[in-house]
Every structure is written in structure tokens, then in C-alpha cells.
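**Student:** Quick one, what's the 3D model for this:
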Amino acid sequence: MRVPKDEFEQLCAAYDAAERAGEFDQLFKGEIHPVKGTNKEEFLHSFSTGMKLYKSTFLKIYGYELSYPGFAEKALSWLEMLGCSKAGAYYSGVVVEYEHQHEKELKSAAHWYKDQCENEWENMKRKAVRARDWKIENLTREELTELCQSLLREGIISEPEQFSAAVSSILEKPYRV
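**Tutor:** Next up is the predicted model:
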């Protein structure tokens, strides 16, 4: 959606006025205070009796478990001690679902990557064939003579009259990369 020209000009004028008034002076100055996230211990101590447990809670437990083996056992025992007797079952279900989805995404990515590699390989083979054909078609008279003599020496052809057929068969063969 395009902004009408008159509205755009009004916005620009307002920004210019704000800049001249010094409203943006402190915008990029001063210290940057990162938002502090919870660590695993703070997360663990945030559990309380009667709290609502969401799928995201169990995914976070799983995430900490990946980095800190044993964390899930500690968190689940704490939840069970607070009265959530099904915490282990909920956690297992969430982990199985996550891992299934993750595996599905990995397979999809692998399939896509395999297709990309196969396409790239086919393109390389086509380019190599075109390059070979171009090279043979653009040989000078001296180079053609040298190629003919080489084919005679290698026993690929037995007489110079076979040269044309040999070059044609080379061009018809699939090129091996």
C-alpha cells in the first residue's frame, strides 16, 4: 500500500521538525541494556504449586536438558513434588512430538538438498558436454590434424578416413565428468 504524496510530505516534515528540536539526539547514545533472560536455575525456581503448565514449559525443560543433561529429571521431580503427578508423561509426549516434527523437517531438508545436488550435477554434466563439443567444433586445422594423428597412434582409428566418424562418435557419447 502506497502512502499518498501529501501524507508522506507531512510525515517527512514532522520528522525534520523533531530532528531539529533535538528529539532524536539521545536515540543512539548511551549504554545498551540487554534484556535478561532466565537461566535454568531461575526457571526451575519459578515453578510453584497450582501453576499452569504449557507445552512451552516442557519444551524449555527439553532445551535445558540438551545443554545440561540431567536437568529434565531434576525439573520433573520438582514438578511432581509440587503436585503435578503427570509431569513426566506430559514431558515425554511433548519431546516425542517435537522430535517427530524435527525428524520430519530434517528429512524434508535432506530431500530438498539431495534434489539441489542432483540438479547441480546435471547442470555440470551439460556444461561439460557443451564445452567439449564447442572445443572440438572450434579446433584449428592444425589441432584437427594433431588429434587425428593421436587417434591413429592410440589405435582408436586405423586410417585417417575414419577420423570424421571417430569425432562424430566422440560427440555422440555421453561425457563423463
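
**Student:** Which helix or strand contains the most centrally placed residue in the chain?
**Tutor:** With distances taken as C-alpha atoms, centre = their mean, the chain has A109 as the residue nearest its mean C-alpha position (8.1 Å). A109 is part of helix 87-137 when elements are defined by DSSP states H and E.

**Student:** Quick check: the spatially closest residue to P160 that is not a sequence neighbour vs S46, distance?
**Tutor:** Excluding its sequence neighbours, the residue lying closest to P160 (C-beta to C-beta, 6 or more residues apart in numbering) is C148, at 5.8 Å. Every residue, glycine included, has its C-beta placed from N, CA and C. Per C-beta to C-beta, to the nearest Å, C148 is found 84 Å from S46.

**Student:** In terms of neighbours, single out the busier of those two.
**Tutor:** Comparing C148 with S46 by other C-beta atoms under 10 Å, the one with more neighbours is C148, at 17 against 10.

**Student:** sorry, back to before: summarise which helices and strands the helix holding A109 is packed against.
**Tutor:** helix 55-67, helix 71-81, helix 163-172 (3 or more C-beta pairs under 8 Å, 6 or more residues apart in numbering; DSSP states H and E).

**Student:** closest to C117 out of the ones you listed?
**Tutor:** helix 163-172 (27.3 Å; C-beta to C-beta).

**Student:** Now stretch 159-167: buried residues?
**Tutor:** Residues 163, 167 are the ones in stretch 159-167 that count as buried (16 or more other C-beta atoms under 10 Å).

**Student:** Between its first and last residues, how far does it reach?
**Tutor:** 13 Å (C-alpha to C-alpha, to the nearest Å).

**Student:** contact partners of that stretch?
**Tutor:** With contacts defined as C-beta atoms under 8 Å, 6 or more residues apart in numbering, stretch 159-167 is touched by 136, 144, 147-148, 151-152, 156-157.

**Student:** a markdown table for these, including distance to A89, secondary structure and pLDDT?
**Tutor:** Formatted as a markdown table, those follow (distance: C-beta to C-beta, whole Å; DSSP: H, G, I helix; E, B strand; the rest coil; pLDDT from 0 to 100):
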| residue | distance to A89 | secondary structure | pLDDT |
| --- | --- | --- | --- |
| I136 | 70 | helix | 76 |
| L144 | 79 | helix | 80 |
| L147 | 76 | helix | 82 |
| C148 | 80 | helix | 80 |
| L151 | 76 | helix | 82 |
| L152 | 81 | helix | 85 |
| I156 | 74 | coil | 82 |
| I157 | 78 | coil | 81 |
